[in-house]
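1. Fold the following for me, if possible:
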Amino acid sequence: MERRLCKTIKIHESKGATSFVHPLFPPKIVDFSRKIPVDNTPFLWYIINIEREKYIMKKLILMLALLWFGLVSFQNSVKANDYTTAVIGHVIQNHKEIDHSKLLENEMNRLMHSVSIEMVSILQKHLPYIMEGVMTELKLELDKTQKCLLLKDSKIKDKDCK
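-> Below you'll find the model as predicted:
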């Protein structure tokens, strides 16, 4: 039994149930007794396609998440400070009047200063280990010198003492 509402929407009624039917896209009729849709494509193929769509969607979401994470990480590493902004602005405005060799020299001096400060902090961190090695070598050298002084007047020969 079929009736029209507002001249465009059809409502199907069968065994007491009603469902909406779009006027441009009619529903597919599926015979569930054979488990094969009307267009003779196996039902398993529909299930495989649904699983493939889910896999593609998971892959897409993962790729977008990685892209977002990468862009956020890159954004934090590219932030310029006031000095860099001022230098770049000055170079852009006065690019014909700037002595580029002097600018490069100043930037290299600034870079070397920051690297030297970083090296000092690394040396400060590892200095106890370095000093321990130096102290061990000095002790060995002093022991060898002491041994040679003790064996100087004796008849015992040693390969380290000449």
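2. can you map out the strands along the protein?
-> 2-5, 9-14, 17-21, 30-31, 36-37 (DSSP state E).
3. for the longest one, what is the average pLDDT?
-> Looking at strand 9-14 alone, the average pLDDT works out to 48.
4. go on, the third one?
-> For strand 17-21, mean pLDDT rounds to 58.
5. repeat for the fourth one
-> Taken as a whole, strand 30-31 carries a mean pLDDT of 48.
6. Just the local confidence number for residue 157, please.
-> Residue 157 is assigned a pLDDT of 81 by the prediction.
7. Who are the contact partners of it?
-> Contact criterion CB atoms under 8 Å, 6 or more residues apart in numbering gives residue 151 as the residues in contact with residue 157. C-betas here are computed from N, CA, C, even on glycine.
8. Which phi and psi values does it adopt?
-> Main-chain dihedrals, residue 157, degrees, to the nearest 10: phi -100, psi 140.
9. so how far is residue 52 from it?
-> From residue 157 across to residue 52, the span is 87 Å (CB to CB, to the nearest Å).
10. got any ranges where the protein has weak pLDDT?
-> Within the chain, the set of residues satisfying pLDDT under 70 comprises 1-49, 76-80.
11. give me that answer again for 50
-> For the chain, the stretches with pLDDT under 50 are 1-13, 31, 34-36.
12. Would you tell me which helix is longest in it?
-> For the chain, the helix reaching the highest residue count under DSSP state H is reported as helix 100-150.
13. Give the other helices and strands that it contacts.
-> Contacting helix 100-150 under the criterion 3 or more CB pairs under 8 Å, 6 or more residues apart in numbering; DSSP states H and E are the following elements: helix 82-93.
14. Now do the helix it packs on: which elements does it pack against?
-> Here helix 82-93 touches helix 100-150, going by 3+ CB pairs under 8 Å, 6+ apart.
15. and the angle for the helix it packs on with helix 82-93?
-> 140 degrees (axes from the mean of the first three to the mean of the last three CA atoms, to 10 degrees).
16. what about residue 152, neighbour count?
-> As a burial measure, residue 152 scores 8 neighbours (other CB atoms under 10 Å).
17. go on, the one 10 residues further on?
-> Other residues within reach of residue 162 by the criterion other CB under 10 Å amount to 6.
18. Next, the contact list for it, please.
-> Contacts were defined as CB under 8 Å, 6+ apart; by that measure residue 162 touches no other residue.
19. Kindly provide the distance from it to residue 50.
-> Distance, residue 162 to residue 50, using CB to CB: 89 Å.
20. swap in residue 152?
-> Taking CB to CB as the measure, residue 152 falls 95 Å from residue 50.
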